[in-house]
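Undergrad: next come a sequence and a model predicted from it.
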Amino acid sequence: APPRRLIQCVAGCLALLAPSLPGPTRQSIAPRATKGLDAPGNPGHDRVNRAEGDTMPLPDTMTCVELTGHGGLDMLQVRTDRPVPTPGPGEALIAVTAAGVNNTDINTRTGWYNSGVKSGTTAEGAKDGFGEEGGATAANAMGDWTVALGFPRIQGADCAGRIVAVGQGVDPARIGERVVCAPYVLDPDDATGLESARFLGADFDGAFADFTVIAARNAIAVPHDL
């Protein structure tokens, strides 16, 4: 049931903030630009990046891991030419500084959420995906709870990073905020329903990338002393 996945993802998000973990391995964009991103001649286009209103170029493309279909690890491929997404109204562009591998990501890849799968997750299922008979590639295949998954998909349900651009209706002062992302994006017409919610890394692209877009209300500010 969805509450199980919610608990899994809350635990994953908390793990991203654990003080015992090493710091981010990269800062694609931060309140102060990393060397090279604001260097003359860097390919990209200007987007507002800082609360004080100045701009610096963001790259046109990014590195990501795409899921190309249900199955084993061979369904994952690294791309370095994926376009950097643009936030729409009410959304924020996040420069990902940490992403956890949630078991939801594994179960989605293998097709375990398909209604035809009755057994628990096994090592074989995690490696190869579940078979065609009632499994991930059957006619009724669904990689999420209720609908078929669209491919290619960037997975990654657990995300921490910084807001580097915002869409219409989002306060530009939020740019530069350090955030953790709540993966369930609720339907405005069903504000308490998980069944109608969209899920980061399954229903839309997630955190296994340099950048991801999410509803700004789901980008939760992290105090700087944490």
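TA: That came in fine, so what should we check first?

Undergrad: was I right about Thr212 contacting Val185?
TA: No. The pair Thr212 and Val185 does not pass the contact test of C-beta atoms under 8 Å, sitting 12.0 Å apart. Bear in mind the C-beta positions are built from the backbone N, C-alpha and C, glycine included.

Undergrad: any common contacting residues for these two?
TA: Residues touching both Thr212 and Val185 (C-beta atoms under 8 Å, 6 or more residues apart in numbering) are Leu200.

Undergrad: who's more crowded, those two?
TA: In this view Thr212 and Val185 are compared by other C-beta atoms under 10 Å, and Thr212 has more residues nearby, 28 against 18.

Undergrad: name the nearest residue to that one, ignoring sequence neighbours.
TA: Of all residues not flanking Thr212 in the chain, Ile94 sits nearest, at 5.2 Å (C-beta to C-beta, 6 or more residues apart in numbering).

Undergrad: tell me the phi and psi of that neighbour?
TA: phi -110, psi 130 (degrees, to the nearest 10).

Undergrad: for the chain, name the helix or strand with the lowest mean pLDDT.
TA: When the helices and strands of the chain are compared on mean pLDDT, DSSP states H and E, strand 45-48 comes out lowest with a mean of 38.

Undergrad: sorry, back to before: model confidence for the residue nearest to Thr212, exactly?
TA: At Ile94, the model reports a pLDDT of 98.

Undergrad: now do Gly176
TA: 94.

Undergrad: ok, it to Asp225 distance?
TA: 16 Å (C-beta to C-beta, to the nearest Å).

Undergrad: could you do Pro188 as well?
TA: For Pro188, the distance to Asp225 - C-beta to C-beta - is 33 Å.

Undergrad: also Ala182?
TA: For Ala182 relative to Asp225 (C-beta to C-beta), the value is 21 Å.

Undergrad: and what of Arg82?
TA: 34 Å.

Undergrad: which one's more surrounded, the two?
TA: Neighbour count, other C-beta under 10 Å: between Arg82 and Asp225, Arg82 has more, with 19 against 4.

Undergrad: who touches that one in this structure?
TA: Thr61, Met62, Thr63, Cys64, Glu66, Ile154, Ala209.

Undergrad: point out where this protein drops to low pLDDT.
TA: Across the chain, the ranges flagged by pLDDT under 70 are 1-56, 119, 121, 131-147, 226.

Undergrad: again, only using 90
TA: 1-57, 70-71, 103, 107, 110-150, 186-198, 223-226 (pLDDT under 90).

Undergrad: which residue ranges of it form strands?
TA: For the chain, applying DSSP state E gives strands covering 45-48, 55-58, 61-67, 76-83, 91-100, 153-154, 158-166, 178-181, 184-185, 198-199, 211-215, 219-221.

Undergrad: neighbours around Arg162, how many?
TA: Arg162: 24 neighbours (other C-beta under 10 Å).
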